[in-house]
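Undergrad: Sequence first, predicted model second:
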Number of protein chains: 2
Amino acid sequence: MASFRLEVIGVEHIPEVRYGDNVAALIVEACRKGQLTLSSSDILVVAHKIVSKAEGRIVELSEVTPSPFAHTVAKQTGKDPRLVEVVLRECRRIVRMDRGVLVVETHHGFICANGGVDASNVGPGRVALLPKEPDASAAQIRRGLQELAGVQPAVIISDSFGRPWREGTVDVALGIAGLEPLIDYRGKEDTFGYEMKASLAAVADELAGAGELVLGKTRRIPVAQVKGFSSSGEAGKGSHLIRSPEADIFR
Amino acid sequence: MASFRLEVIGVEHIPEVRYGDNVAALIVEACRKGQLTLSSSDILVVAHKIVSKAEGRIVELSEVTPSPFAHTVAKQTGKDPRLVEVVLRECRRIVRMDRGVLVVETHHGFICANGGVDASNVGPGRVALLPKEPDASAAQIRRGLQELAGVQPAVIISDSFGRPWREGTVDVALGIAGLEPLIDYRGKEDTFGYEMKASLAAVADELAGAGELVLGKTRRIPVAQVKGFSSSGEAGKGSHLIRSPEADIFR
């Protein structure tokens, strides 16, 4: 449950991440250097970019040959056809294609601009893809922390998503380990004894957003440590935050 | 700009708010009782419900006569026709009406379920509306804090909104005073010198979400104090977070 006081701390001292790196080991080492104490009651918010790098989910655009459809989409959206080709490979459905924006549904089921394919912070001529299985990546980092430091904090792998109707991006939880992503207030009585009908809080997304406030995109701080939010939920997954097509009135 | 460490603290000791109450005075008194120090560098996240109560934005359903259209919508959505009537009065457009969900655009321009009209925590037979001018309400609370305590924290008035495609609600900023709601990373160079194209972070929404993590809907904690996020932006408004119809590809 939510707590009365929480702290969000940027974890510095994480080096540039390369293919094959052990993200858990980098976090443990960075916490040691920064004199941060890791605990099993913490929640670590990890920017997906470092996970994608460690997992080799980086594409060199010079090695991509765009399909005819990618060229067509690129012309309409004003994007690099090679980038569009990569986006199309990552997606199973185009949700909106309008005014230079390409919103797609990824193979995971996330609905986001460019399928999460992103050119920032990966070096010139390269783009980063989302991790292939963000929940599995979160679980792997969590297991690594257990092995290396003897603690099992919850792990959230985050990315910045745009939203319909509102300006700007907010960070959301793609992958989760050790945390229930939704807190169900439904059926609990409010302070008047009225049974609340529609209060299911996406706390994992709010935690990812809180993490973003300290991550800062232009600095080399890809991990935030959240203290004071008592996490529970061994079975929690980021995929539980994806609305099923049947329940989705905005498909 | 974002900071390396921030703290989110639930402000306890706020009594049940009534029509005409001075929200700033209640916050000052609650901070005194809770031994919390208010500072001009703080950000206060205030659940809109207490602002709505203080401003008299509460409707007794027994006094509402539903129109024929309200009855029609109520039948299709399974809602109380009096609640639907209130929602219709608060909105200028129905965005989606499907599977028991009524998503509308309010007169402010917010797109949300039931136009933000909400029956929780206001007592039986009553519903709370959103504040009429959330930015003005935030500015008024901020002025009150200056007058009563000599400090000018930023103020965010928040509510829980659902989202397309993702389960659960996250808190967002309806009204703002003293805070730039969007941080523009565009044009700043990332750690590789690559100019970022599409990074405009809705930090006010992330701050509202961080506040929700300590507010807890079933406890009487309607205000969170955020320390460590250096706020700036005298001209910032919650309305700046509403995407203009021209830029909105999801109308």
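TA: In hand now; what should we look at? This structure is a prediction, so every number in the text was calculated from the model and none was measured.

Undergrad: Where do the helices of the stretch 1-150 of chain A begin and end?
TA: A:23-33, A:48-54, A:68-77, A:81-90, A:134-149 (DSSP state H, counting those that start in this stretch).

Undergrad: Take the longest one, keep the C-alpha atoms, and write them as PDB.
TA: Taking C-alpha atoms only, helix A:134-149 is exported to PDB below (Å, rounded to 0.1, in the frame of the first residue of the first chain):
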ATOM      1  CA  PRO A 134      10.300  -6.400 -20.400                       C
ATOM      2  CA  ASP A 135       8.800  -8.500 -17.600                       C
ATOM      3  CA  ALA A 136      11.500 -11.100 -18.100                       C
ATOM      4  CA  SER A 137      14.200  -8.400 -18.200                       C
ATOM      5  CA  ALA A 138      12.900  -7.000 -14.900                       C
ATOM      6  CA  ALA A 139      12.800 -10.400 -13.300                       C
ATOM      7  CA  GLN A 140      16.400 -11.100 -14.500                       C
ATOM      8  CA  ILE A 141      17.700  -7.900 -13.000                       C
ATOM      9  CA  ARG A 142      15.900  -8.700  -9.700                       C
ATOM     10  CA  ARG A 143      17.400 -12.200  -9.600                       C
ATOM     11  CA  GLY A 144      20.800 -10.700 -10.300                       C
ATOM     12  CA  LEU A 145      20.400  -8.300  -7.400                       C
ATOM     13  CA  GLN A 146      19.500 -11.200  -5.100                       C
ATOM     14  CA  GLU A 147      22.500 -13.100  -6.200                       C
ATOM     15  CA  LEU A 148      25.000 -10.200  -6.000                       C
ATOM     16  CA  ALA A 149      23.700  -8.200  -3.100                       C
END
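
Undergrad: roughly how far is it from the heart of the chain?
TA: Offset of helix A:134-149 from its chain centre (CA atoms, centre = their mean, to the nearest Å): 15 Å.

Undergrad: Can you spell out which helices and strands pack onto that helix?
TA: In terms of contacts (3 or more CB pairs under 8 Å, 6 or more residues apart in numbering or on different chains; DSSP states H and E), helix A:134-149 is packed against helix A:23-33, strand A:43-47, helix A:48-54, strand A:154-162, strand A:169-177. Glycine gets a C-beta too; all of them are placed from N, C-alpha and C.

Undergrad: now the third one
TA: For helix A:68-77, the elements it packs on are helix A:81-90, strand A:91-98, strand A:101-106, judged by 3+ CB pairs under 8 Å, 6+ apart.

Undergrad: any idea of the angle it forms with helix A:81-90?
TA: 120 degrees (axes from the mean of the first three to the mean of the last three CA atoms, to 10 degrees).

Undergrad: in its sheet, what does the helix or strand of chain A with the lowest mean pLDDT sit against?
TA: The helix or strand of chain A with the lowest confidence, counting by mean pLDDT, DSSP states H and E, is strand A:183-184 at a mean of 87. Pairing partners of strand A:183-184, with direction, according to DSSP bridges: strand A:200-201 (antiparallel).

Undergrad: what's in contact with the strand it pairs with?
TA: Applying CB atoms under 8 Å, 6 or more residues apart in numbering or on different chains, the contact partners of strand A:200-201 are A:182, A:183, A:184, A:185, A:186, B:160, B:167, B:168, B:169, B:170, B:212, B:217.

Undergrad: next one: stretch A:46-53
TA: With CB under 8 Å, 6+ apart, stretch A:46-53 has contacts from A:14, A:17-19, A:21, A:23, A:26-27, A:57-58, A:116, A:118, A:121-122, A:128-131, A:134, A:137-138, A:141, A:155-159, A:174-175, A:215, A:222-223.

Undergrad: In PyMOL, how would I select just the buried ones from those?
TA: A single PyMOL command selects the buried members of those (16 or more other CB atoms under 10 Å in any protein chain shown):
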select buried, chain A and resi 14+17+21+23+26+27+57+58+116+118+121+122+128+129+130+131+134+137+138+141+155+156+157+158+159+174+175+215+222+223
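
Undergrad: Now for residue A:124, how many residues are close by?
TA: Residues contacting residue A:124 under the criterion other CB atoms under 10 Å in any protein chain shown number 9.

Undergrad: To which secondary structure element type does residue A:234 belong?
TA: Using DSSP: H, G, I helix; E, B strand; the rest coil, the structure places residue A:234 in coil.

Undergrad: List the contacts of it.
TA: Neighbours of residue A:234 in contact, by CB under 8 Å, 6+ apart: residue A:178.
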